[in-house]
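Q: Next comes the sequence, and after it the predicted model I'd like to discuss.
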Amino acid sequence: MIRNMLTASGLAAVLACGSAAIEANTNDSTAIEVNADSVDQQKDNTLSAKEKKEGWKLLFDGTSMTGWRSYQNKPSNAWSVKDGALYCKGSSTDKSDLRADILTTDQYENFELSIDWKLAPEGNSGLMYLVTEEEQAAYQTGPEYQMIDDIGFPQKLEDWQKTGANYAMNPAPEAKTNPIGQWNNTKIVVNKGKVEHWLNGKKVVEYEMWTDEWKKNKATGKWKDTPNYGKNKKGHIALQDHGSEAWFKNVKIKAL
């Protein structure tokens with residue numbers, strides 16, 4: 001809807017001079033006011049015509065878990081589709097075997113990935129990529145983009161544990177999440193070993209896999225006794241069940 005389209009003087013000019021006066025009157029900053037609420041927003045879990053042309057593919061349709069399964073096909077009752085989002089129900093007491101990460105049925109090598117996510121207070125989750133199923137957990141095989149309640153988490157966090165970090169490898173000190181319970185957007189770019197982590201439109205981590213520096217970080221840190229961590233150039237995308245409520249939507253990927 002457009003409100004207050006013309007000033008009073010502009011209206012008189014239109015009556016006198018027709019469409020030419022409308023064009024002239026638009027130079028008056030008070031003449032046209034666009035109601036932003038009238039601008040159509042792209043629906044969740046869909047691709048625009050531009051995205052389709054660029055080669056983007058949806059990994060979640062908003063209504064089903066088609067294209068996803070549990071890590072190593074473990075029994076799990078933690079995941080469902082709720083209000084158009086992949087939902088991890090979370091529990092502070094359920095430590096049963098019926099919890100598992102989920103991953104894409106397909107594998108990816110060089111890609112750009114975009115996903116919207118939010119957490120409950122004190123929440124902890126993550127997104128892994130280049131994941132294989134050779135270890136007990138997905139994060140032991142593929143790098144993890146950390147997602148956590150940086151402010152409200154009940155334990156002290158190291159920089160490499162905070163949101164946006166390449167977990168246990170590369171911190172993201174300038175990463176800034178939206179307030180807990182609000183949606184964030186993450187973008188991950190993987191291209192021939194060169195990786196970027198983005199959060200809400202800002203690049204927060206950049207690193208290169210399999211370089212001497214990367215191998216040193218792996219050999220001296222958390223992964224020194226995890227030989228399958230980060231070794232593969234192609235793998236699944238995985239979402240972590242860390243016992244916290246978490247929501248994910250608008251999951252889309254483009255091959256590079």
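A: Arrived safely. Predicted, not measured: the structure shown is a model, and the values here were computed from it.

Q: C-alpha only now, for contacts and for neighbours.
A: Fine.

Q: Would you map the helices across this protein?
A: Taking DSSP state H to define them, one finds helices in the chain at 8-17, 19-25, 49-54, 212-220.

Q: How many residues are close by Trp247?
A: Using other Cα atoms under 10 Å, Trp247 has 24 other residues around it.

Q: Which strand residues bridge it?
A: Tyr87, Lys118 (DSSP bridges).

Q: Pretty sure it sits against Ile115.
A: No. Contact criterion Cα atoms under 8 Å: Trp247 and Ile115 do not qualify, at 10.3 Å.

Q: And Trp198, how far from Leu113?
A: Separation of Trp198 from Leu113 (Cα to Cα, to the nearest Å) stands at 10 Å.

Q: which neighbours do those two share?
A: Common contact partners of Trp198 and Leu113 (Cα atoms under 8 Å, 6 or more residues apart in numbering): 187-188.

Q: show me where the stretch 151-256 of the chain has strands.
A: 184-191, 194-199, 202-208, 236-239, 246-255 (DSSP state E, counting those that start in this stretch).

Q: Check the offset of the first one from the chain's centre.
A: Strand 184-191 sits 6 Å away from the centroid of its parent chain (Cα atoms, centre = their mean, to the nearest Å).

Q: Restrict it to CA atoms and write it as CSV.
A: Output of strand 184-191 as CSV, limited to C-alpha atoms (Å, rounded to 0.1, in the frame of the first residue of the first chain):
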residue,chain,number,x,y,z
ASN,A,184,20.4,-15.9,12.9
ASN,A,185,21.8,-16.6,9.5
THR,A,186,24.9,-18.7,8.9
LYS,A,187,26.7,-19.0,5.6
ILE,A,188,29.6,-21.5,5.1
VAL,A,189,31.7,-21.5,2.0
VAL,A,190,33.9,-24.5,1.2
ASN,A,191,36.0,-24.4,-1.9
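
Q: Starting from it, tell me which strands it pairs with and how they run.
A: Partners of strand 184-191 in its sheet, by DSSP bridges: strand 111-119 (antiparallel), strand 194-199 (antiparallel).

Q: The fourth one now?
A: If you go by DSSP bridges, strand 236-239 pairs up with strand 102-104 (antiparallel), strand 124-131 (antiparallel).

Q: okay if I get those strands as CSV plus distance to His242, mean neighbour count and mean pLDDT?
A: As requested, these are exported to CSV (distance: least, Cα to Cα, whole Å; neighbours: other Cα atoms under 10 Å; pLDDT from 0 to 100):
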stretch, distance to His242, mean neighbour count, mean pLDDT
strand 102-104, 11, 25, 97
strand 124-131, 6, 26, 97
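
Q: To Lys203, which of these lies closest?
A: For Lys203, the closest of these is strand 124-131, at 16.3 Å, according to Cα to Cα.

Q: Does Trp68 touch Thr105 like I think?
A: Yes. Between Trp68 and Thr105 there is a contact under Cα under 8 Å: 5.5 Å.

Q: rewinding a little: among the strands paired with strand 184-191, which is nearest His242?
A: So among the strands paired with strand 184-191, strand 111-119 is nearest, using Cα to Cα, at 11.2 Å.

Q: which residues are in contact with that closest one?
A: 125, 148-149, 180-191, 244-256.

Q: returning to what we had before: shared neighbours, Trp247 and Ile115?
A: What both Trp247 and Ile115 touch, as defined by Cα under 8 Å, 6+ apart, is an empty set.

Q: Type out the PyMOL command that picks the buried ones from the contacts of strand 111-119.
A: PyMOL command restricting the contacts of strand 111-119 to the buried ones, with burial defined by 16 or more other Cα atoms under 10 Å:
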select buried, resi 125+148+149+180+183+184+185+186+187+188+189+190+191+244+245+246+247+248+249+250+251+252+253+254+255
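
Q: just for the stretch 51-200 of the chain, where's the confidence low?
A: 92-98 (pLDDT under 70).

Q: Apply 80 and report the result again.
A: Under the criterion pLDDT under 80, the flagged ranges of the stretch 51-200 of the chain are 90-99.
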